Structures are given as structure tokens and as C-alpha cells.
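Student: how does the following fold in three dimensions:
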Amino acid sequence: MRSRPDHARERARNRGGGDAIRLRRCAGGPTVPGPAVHRVLPSGDNGRVLEMTREDFEELVAEALDRIPPELTRLMDNVAVFVEDEPPAEDPELLGLYEGTPLTERGEWYAGVLPDRITVYRGPTLRMVDGESGGREGVVTEVEVTVVHEIAHHFGIDDERLHELGYG
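Tutor: Numbers count the residues shown, from 1 in each chain. Here you go, the predicted structure:
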């Protein structure tokens, strides 16, 4: 889990193919500072991949978003959540990615910008959970952890604190 300095190039790579799950109070304009990522290496890759349709996976992401307490979702501003099948080739274990300006870093200048972007990657999540023999419940758990992790970045919480809280 790390931030990438070359955020413009990373954003360009992630633009294609994703379907928006939910749009939360979006206003428009560019996403700026570097993205935060959620990556977990599989503990035991058995060569198989747990099968789950994209629609089922998107539903799990939507359900994880629905479990975020309303008092927090009301504070979320100008952020869109996407599901993509695979992350960039140079980071194949990437489970989630936050790209944008955290709420804690926004100031008077923050207006007329594109929504922040949270992307949850289906392929690596299914491979990691299957490698750990977690089955569908393992996917549900990992999707929830990934969604919370990336939303936490939207609120300005860094990876170190997320690890302390069990969302690393």
C-alpha cells in the first residue's frame, strides 16, 4: 500500500473500461494529488481463480458502500466508485485505488473539479481470496475492507493508520 507520484499517468491508464457503481455528489474537474492504493499479496496461489460474475462483484461493492454509516456517506463529496476487472499490468495485485484530493486537503481552490475516483479491482481480489481458500464470504470480506480502505483515503486517512485499524 503506497502512494504513486505519477498520478496523471496512472489516472490515464485507469480511465478505460470501468463502470460507475455509484456517484456521490459529483461536481466535475480534474483529480489532482497522487493516488493511494490498496494491495495485498496472495498468501497461497493455487493457480485457480474463484469464479464470480462482474455483476455479482459489482453488487458486493454496492453492498459494501451501503454498509458505510450514513453519517459518513453524507460527508463524502465529489467521489465516484468504479469496478474494473484488472489493475494496470505493472501492479497485478492491486485491489483498490483512490485517486483524488482527500477532504482534509481541499481548500478554497477546490471547485469545478472532476470527481475523485475509487476503483475496486475484481481479478486480483478473486485470485487473492481463492488463494486463501476464502470462498464467497472471503470475497465479501475483502471487498468490504477494500471499499472502507479507499473511502478512508477520501477522508484523508493514511495507510499507516488504516493498518492500525485493521483495514490495511
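
Student: residue farthest from the centroid of this protein?
Tutor: Glu108 (26.3 Å; CA atoms, centre = their mean).

Student: and the pLDDT at that residue?
Tutor: Glu108 is assigned 92 on the pLDDT scale.

Student: what of Asp130?
Tutor: At Asp130, the model reports a pLDDT of 78.

Student: mind checking which helix or strand it is in?
Tutor: Assessed by DSSP states H and E, Asp130 sits inside helix 122-131.

Student: show me where this protein has its helices.
Tutor: Assigned by DSSP state H, the chain shows helices spanning 7-14, 54-66, 70-73, 122-131, 135-154, 159-165.

Student: and Val79, which of the ones you listed is closest to it?
Tutor: With CB to CB as the criterion, Val79 lies closest to helix 135-154 of the helices of the chain, at 5.4 Å. All C-beta atoms are positioned from the backbone trio N, CA, C, and that covers glycine.

Student: that older thread, alpha carbons only: can I get the helix holding Asp130 in CSV?
Tutor: The C-alpha coordinates for helix 122-131 follow below in CSV (Å, rounded to 0.1, in the frame of the first residue of the first chain):
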residue,chain,number,x,y,z
ARG,A,122,-12.2,-7.7,-9.4
GLY,A,123,-9.5,-10.0,-10.8
PRO,A,124,-6.8,-9.6,-8.0
THR,A,125,-9.5,-9.8,-5.3
LEU,A,126,-10.8,-13.1,-6.6
ARG,A,127,-7.3,-14.5,-7.1
MET,A,128,-6.2,-13.5,-3.6
VAL,A,129,-9.3,-14.8,-1.9
ASP,A,130,-9.2,-18.1,-3.8
GLY,A,131,-5.5,-18.4,-3.0
